[in-house]
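>>> kindly return the folded structure for what I paste below:
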Amino acid sequence: MPENRIVRAAAVQIAPDVERPDGTLERVLNAIDEAAAKGARFMVFPETFVPYYPYFSFVLPPALQGAEHLKLYERAPTVPGPVTQAVAAAARRHGAVIVLGINERDHGSLYNTQLIFDADGALKLKRRKITPTYHERMIWGQGDGAGLAVVETAVGRVGALACWEHYNPLARYALMAAHEEIHAAQFPGSLVGQIFADQMEVTIRHHALEAACFVVNATGWLSDEQVAAVCPDERLRGACRGGNCTAIVTPEGKHLVDPLKDGEGILIADMDLALVTKRKRMMDAVGHYARPELLSLLHDDRPASTVHRPTRPQSETRSLDHEQHPVSDEPARESADRAGPDRDADGTADQRLAILRR
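As a prediction, the model looks like this:
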């Protein structure tokens, strides 16, 4: 537990740079400097913000997405790589914990990935969205249960989920069971319209109440020019507006500052982590308020793998070892002789006699 229980948080709502390959990273680093200058030591950026959220997949038919999808491949960062190195250096320079959403490229696949950097620059968690939503399934692969984890950081215990993962109660419960104190929520923003913003606010406030944690939520923003570029068809441009609710919420479900629903900006607020215990005193969903004998979660936290190698039977392994490394059994015989006729070298004869005498 950190000694200083007051943590100044920053929720960042800015536009990506959809033109220059490294432009969004520059904006991230500038925002980190700006938030740090205001005293922030915990910062959250929007979902898949680097290089940008794949808005094209929501408004273009599959047959027309090829060029944009390949461009996203070209610009998507690897982990580790230059993007993680730059953000880690910024975290270390400012002593800040940073949660960044990226499109991660892992060879031939892209993933919706959340990165948590500690204040010393260490990458504490790399997790992938477990189920991409609707149009996103044509863009990203699926994550696994290993990413449903909470990590100890300089500001407290931090967990993260992306967008509609917050509609998966078991995914949220996995983080609650790991006793998260600060939850980083990330949504794309500038998508679907006002109804998305309204639903998002309900979702993050409910998680704050149920998990008894702070929620710092960040959504992205598109300018009118960017909306026009993403949506050549004017009839579809309404699909890339609204849906913004950058916010900082207490364990009691209250906004620490007014949420940001329009334009760019950085919300700053002080989180008193003593409120976590205050809320849990009344209702601890994974403690005194739980009924594990009635309801419990099965969580497979093994990393996913496309290759599974069968384990050889022990007898076969011994046989192979003997063939590859033949050794004399004389020492074992000598040991048995010294032990006497009624005792094996490892004493198992006496054990068997003791069982027979019972």
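>>> when you work out contacts or count neighbours from here on, use the C-alpha atoms and nothing else.
OK.
>>> can you give me the strands in the stretch 151-300 of the chain?
Assigned by DSSP state E, counting those that start in this stretch, the strands in the stretch 151-300 of the chain fall at 151-153, 156-162, 182-187, 214-219, 247-249, 265-272.
>>> those strands into CSV, with extra columns for distance to Ile32 and mean pLDDT?
Shown next, in CSV, are the strands of the stretch 151-300 of the chain (distance: least, CA to CA, whole Å; pLDDT from 0 to 100):
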stretch, distance to Ile32, mean pLDDT
strand 151-153, 18, 98
strand 156-162, 18, 98
strand 182-187, 16, 98
strand 214-219, 14, 98
strand 247-249, 17, 98
strand 265-272, 10, 98
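>>> nearest to Gly39, out of those strands?
Between Gly39 and these, the tightest spacing by CA to CA is seen for strand 265-272, at 8.7 Å.
>>> contacts for the closest one?
With CA atoms under 8 Å, 6 or more residues apart in numbering as the test, strand 265-272 has contacts from 5-14, 35, 38, 40, 214, 246-248, 250, 256-257, 259-260.
>>> let's see it at 6 Å
5-13 (CA atoms under 6 Å, 6 or more residues apart in numbering).
>>> out of these, which end up buried?
Buried members of the contacts of strand 265-272, scored by 16 or more other CA atoms under 10 Å, are 7-13.
>>> narrow the residues you listed to those in helices?
Per DSSP state H, helices hold no members of the buried ones among the contacts of strand 265-272.
>>> quick one: which of these sit in strands?
Those of the buried ones among the contacts of strand 265-272 mapping onto strands are 7-13, per DSSP state E.
>>> let's have those in CSV, adding pLDDT and distance to Tyr55.
Below are these laid out as CSV (pLDDT from 0 to 100; distance: CA to CA, whole Å):
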residue, pLDDT, distance to Tyr55
Val7, 98, 33
Arg8, 98, 31
Ala9, 98, 28
Ala10, 99, 25
Ala11, 98, 21
Val12, 98, 19
Gln13, 98, 16
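>>> ok, back up a step: out of the strands of the stretch 151-300 of the chain, flag the one nearest Asn103.
strand 156-162 (12.2 Å).
>>> what does the closest one contact?
For strand 156-162, contacts defined as CA under 6 Å, 6+ apart pick out 150-151, 180-186.
>>> so among those residues, which ones count as buried?
Of the contacts of strand 156-162, these count as buried by 16+ other CA under 10 Å: 150-151, 180-186.
>>> who does Val216 bridge with?
Ala184, Ile248 (DSSP bridges).
>>> all further residue positions should be reported with the first residue as 786.
All right, first residue 786 from here; so that's Val1001.
>>> tell me the contacts of the residue nearest the centre of the chain?
Closest to where the C-alpha atoms of the chain average out (CA atoms, centre = their mean) is Arg912, at 3.7 Å. Neighbouring residues of Arg912 by CA under 6 Å, 6+ apart: 898-899, 932.
>>> kindly format the C-alpha coordinates of whichever strand or helix holds Lys911 as CSV.
Here Lys911 sits within strand 908-913, counting by DSSP states H and E. Only the C-alpha atoms of strand 908-913 are listed here, as CSV (Å, rounded to 0.1, in the frame of the first residue of the first chain):
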residue,chain,number,x,y,z
LEU,A,908,5.7,-2.3,-18.0
LYS,A,909,3.6,-3.9,-15.3
LEU,A,910,0.8,-5.3,-17.5
LYS,A,911,0.1,-6.0,-21.1
ARG,A,912,-3.4,-7.2,-21.6
ARG,A,913,-5.6,-7.8,-24.7
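>>> about what we covered before: most neighbours among the contacts of Arg912, which one is it?
Counting neighbours by other CA atoms under 10 Å, Gln899 comes out on top of these with 28 neighbours.
>>> show me which positions of the longest helix seen in the chain end up buried.
Looking across the chain with DSSP H, the single longest helix is helix 979-996. For helix 979-996, the neighbour count (16+ other CA under 10 Å) marks 979, 981-982, 985-986, 989-996 as buried.
>>> same list (the residues you listed) but as TSV, adding pLDDT and distance to Arg957.
Listed next are the buried residues of helix 979-996 as TSV, based on pLDDT from 0 to 100; distance: CA to CA, whole Å:
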residue	pLDDT	distance to Arg957
Gln979	95	24
Phe981	96	19
Ala982	97	20
Met985	98	15
Glu986	98	16
Ile989	98	11
Arg990	98	13
His991	98	11
His992	98	8
Ala993	98	11
Leu994	98	12
Glu995	98	9
Ala996	98	8
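>>> mind listing which of the contacts of Arg912 are in strands?
Using DSSP E, the contacts of Arg912 in strands are 898-899.
>>> got the contacts of Arg912 as TSV, with distance to Asp807 columns?
Listed next are the contacts of Arg912 as TSV, based on distance: CA to CA, whole Å:
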residue	distance to Asp807
Thr898	18
Gln899	19
Gly932	27
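>>> out of the contacts of Arg912, which comes closest to Tyr958?
Nearest to Tyr958 among those, with distances taken as CA to CA, is Gly932, at 13.3 Å.
>>> report pLDDT for the closest one.
With respect to pLDDT, Gly932 has a value of 97.
>>> next, format the buried ones among the contacts of strand 941-947 as TSV and append distance to Pro836.
Below are those laid out as TSV (distance: CA to CA, whole Å):
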residue	distance to Pro836
Val935	25
Val936	25
Glu965	28
Glu966	29
Ile967	25
His968	23
Ala969	19
Ala970	18
Gln971	15
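>>> nearest to Leu849 among those?
Looking across the buried ones among the contacts of strand 941-947 and measuring by CA to CA, the closest to Leu849 is Gln971, at 27.4 Å.
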